[in-house]
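Novice: fold the following for me, if possible:
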Amino acid sequence: MIISIIKLMINIPEARSLKDKRKVVKSIKDRLIQKFKLSAAEVEDMNSIRNAVIAAAIVSNSKVHGETVLHKALTFVEDAFPGYLYETKIFSEYF
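Specialist: Below is the predicted model:
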């Protein structure tokens with residue numbers, strides 16, 4: 001079993017409150033879950049108004065498959081939310 005994980009560090013410059021930030025974060029998470037069938041959650045910087053860290057994961061039997069899906073998800077987020085990402089990490093763990 002292989003778990004592939006993507007970590008998205010996001011800057012939301014137009015957010016003026018946590019409510020504004022959470023609207024953007026929820027949109028990103030919901031779209032990743034719906035389009036790519038990933039598990040997703042905000043994992044860090046929850047009280048920061050303009051920064052968020054979202055992690056998403058997929059379980060598969062192939063590192064290549066898992067990381068391919070995550071690269072497609074990354075491209076999707078870059079296209080749908082231009083200028084928001086400032087750092088990303090993709091990795092896989094074997095169990």
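
Novice: which stretches in this protein count as helices?
Specialist: For the chain, the helices defined by DSSP state H occupy 18-36, 63-80.

Novice: looking at those helices, which is closest to residue 4?
Specialist: For residue 4, the closest of these is helix 63-80, at 2.9 Å, according to CB to CB. Where C-beta positions appear, they are placed from N, C-alpha and C, glycine not excepted.

Novice: other SSEs contacting the closest one?
Specialist: Helix 63-80 makes packing contacts with strand 2-11, helix 18-36, strand 51-60, strand 85-94 when contacts are defined by 3 or more CB pairs under 8 Å, 6 or more residues apart in numbering; DSSP states H and E.

Novice: could I get the CA-only coordinates of it as CSV?
Specialist: The C-alpha coordinates for helix 63-80 follow below in CSV (Å, rounded to 0.1, in the frame of the first residue of the first chain):
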residue,chain,number,x,y,z
LYS,A,63,3.7,5.3,-6.5
VAL,A,64,3.6,6.4,-10.1
HIS,A,65,-0.2,6.4,-10.1
GLY,A,66,-0.5,8.3,-6.9
GLU,A,67,2.0,10.9,-7.8
THR,A,68,0.6,11.3,-11.3
VAL,A,69,-2.9,12.1,-9.8
LEU,A,70,-1.3,14.6,-7.4
HIS,A,71,0.6,16.3,-10.2
LYS,A,72,-2.7,16.7,-12.1
ALA,A,73,-4.2,18.1,-8.9
LEU,A,74,-1.3,20.6,-8.5
THR,A,75,-1.8,21.8,-12.1
PHE,A,76,-5.5,22.2,-11.5
VAL,A,77,-4.9,24.3,-8.4
GLU,A,78,-2.3,26.4,-10.2
ASP,A,79,-4.8,27.1,-13.1
ALA,A,80,-7.9,27.6,-11.0
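
Novice: dump the helices and strands packed on helix 63-80 to TSV, plus mean pLDDT, distance to residue 69 and mean neighbour count.
Specialist: Formatted as TSV, these follow (pLDDT from 0 to 100; distance: least, CB to CB, whole Å; neighbours: other CB atoms under 10 Å):
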stretch	mean pLDDT	distance to residue 69	mean neighbour count
strand 2-11	95	7	20
helix 18-36	93	6	15
strand 51-60	95	5	19
strand 85-94	91	10	13
